[in-house]
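Colleague: Quick one: sequence plus predicted model below, questions after.
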Amino acid sequence: MTRILVIEDEPQMLLGLRDNLELEGYEVQTAADGEEGLAKAASFGPDLVILDVMLPRKNGFDVCRELRARSNTTPVVMLTARSAETDKVLGLELGADDYVTKPFSITELLARVRAVLRRTASPKPAAEVVQIGDIEVDLTLHQARRDKARVDFTAREFELLRYFVQHTGQVVTREQILNEVWGYEEFPTTRTIDNFVAKLRQKIERSPHAPEHILTIHGSGYKFVG
């Protein structure tokens, strides 16, 4: 599960960010000042830090500066009420990966978080050929075979299957799939995901109505089991 550290001193803002991030499936820890934030960054080992600029004890610029001085390359999204271009430039020069000015919509922030995580991720190299039940899938050649018979997928079906394979054992939400496979600029619905999953199950499951590989996790999304 992707871990996010939120360093923010406004209690309501901190609570709102934590709740919305957890609803997106992230593991979240919080800190209310810069010193606590640095300590949590060391102990929690987050995959991304959401960092307010105006903090007690140590401001966000100093926190970002110190993280980078410690060779900590964790992506940082800075939050601030300041809108001056010089402040944004300073944050980015100190090593922040993105900069969001208050007030902002939670939808925008979540999109920024996903974008930064995509840009900075070091994905595990997926195996070129994977076995899913009795089907052999070549991720490089975009081909699949059951015994010697070819199993045909549309381009989108194959990208969805690749996404599942790359996240084997992880629970992924429909919103994550929409963003990662369809892209933030497109506007399909979560029902689209269910339809494509149904098509994939028809092709890879021995019993599509009792799937062994693409499992529905009620209230969350899907989990792929190889």
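Modeller: Everything's here; your move. Everything numeric here is computed off the predicted structure, so don't read it as measured data.
Colleague: distance of residue 62 from residue 117?
Modeller: 24 Å (CB to CB, to the nearest Å). No exception for glycine: its C-beta is placed from N, CA and C like everyone else's.
Colleague: err, residue 172, not the other one
Modeller: As for residue 172, its distance to residue 117 is 13 Å (criterion: CB to CB).
Colleague: Between these two, which is the more surrounded one?
Modeller: The residue with more neighbours, out of residue 172 and residue 117, is residue 172; 21 against 18, by other CB atoms under 10 Å.
Colleague: residues contacting that one?
Modeller: The contact partners of residue 172, by CB atoms under 8 Å, 6 or more residues apart in numbering, come to 25, 163-164, 221-223.
Colleague: Tell me, please, where in this protein the pLDDT is lower than the cut-off.
Modeller: Where the chain drops to pLDDT under 70, the residues are 82-88, 122-127, 184-188.
Colleague: Looking at it, which residue reaches furthest from the middle?
Modeller: Here the centre of the chain is the reference, and by CA atoms, centre = their mean the most remote residue is residue 148, at 36.7 Å.
Colleague: Enumerate every residue touching it.
Modeller: So residue 148 contacts nothing (CB under 8 Å, 6+ apart).
Colleague: cool, and the one 4 residues further on?
Modeller: Going by CB under 8 Å, 6+ apart, residue 152 touches residue 144.
Colleague: Next one: it relative to residue 225, how far apart?
Modeller: Taking CB to CB, one finds residue 152 at 23 Å from residue 225.
Colleague: ok, now residue 182?
Modeller: Shown here: residue 182 relative to residue 225, a distance of 23 Å by CB to CB.
Colleague: Skipping its backbone neighbours, what lies nearest residue 221 in space?
Modeller: In this structure, residue 221 finds its nearest non-sequential neighbour in residue 173, 4.0 Å apart by CB to CB, 6 or more residues apart in numbering.
Colleague: Just give the number of residues close to the one you found.
Modeller: So residue 173, with other CB under 10 Å, has 18 neighbours.
Colleague: Pop the domain breakdown of the protein in here.
Modeller: Annotated domains of the chain cover 3-120, 129-224 [automatic domain parsing].
Colleague: Report the distance from the shortest one to the chain centre.
Modeller: Relative to its chain's centre, domain 129-224 lies at 18 Å (CA atoms, centre = their mean, to the nearest Å).
Colleague: Check stretch 40-59 too.
Modeller: Computed by CA atoms, centre = their mean, the chain-centroid distance of stretch 40-59 equals 19 Å.
Colleague: That stretch: which residues count as buried?
Modeller: Across stretch 40-59, burial judged by 16 or more other CB atoms under 10 Å covers 40-41, 44, 46-53, 55, 58-59.
Colleague: Of these, which belong to strands?
Modeller: Members of these lying in strands (criterion: DSSP state E): 48-52.
Colleague: How about residue 62: what's its closest non-neighbour residue?
Modeller: Nearest residue to residue 62, sequence neighbours excluded (CB to CB, 6+ apart): residue 34, at 6.3 Å.
Colleague: Could you report the separation of that neighbour from residue 109?
Modeller: Look at residue 34 and residue 109: by CB to CB, they are 20 Å apart.
Colleague: Who has more neighbours out of those two?
Modeller: Neighbours were counted for residue 34 and for residue 109 using other CB under 10 Å; residue 34 has more, 24 against 18.
Colleague: can you pull the contacts of that one?
Modeller: By CB under 8 Å, 6+ apart, the residues touching residue 34 are 7, 55-60, 62-63.
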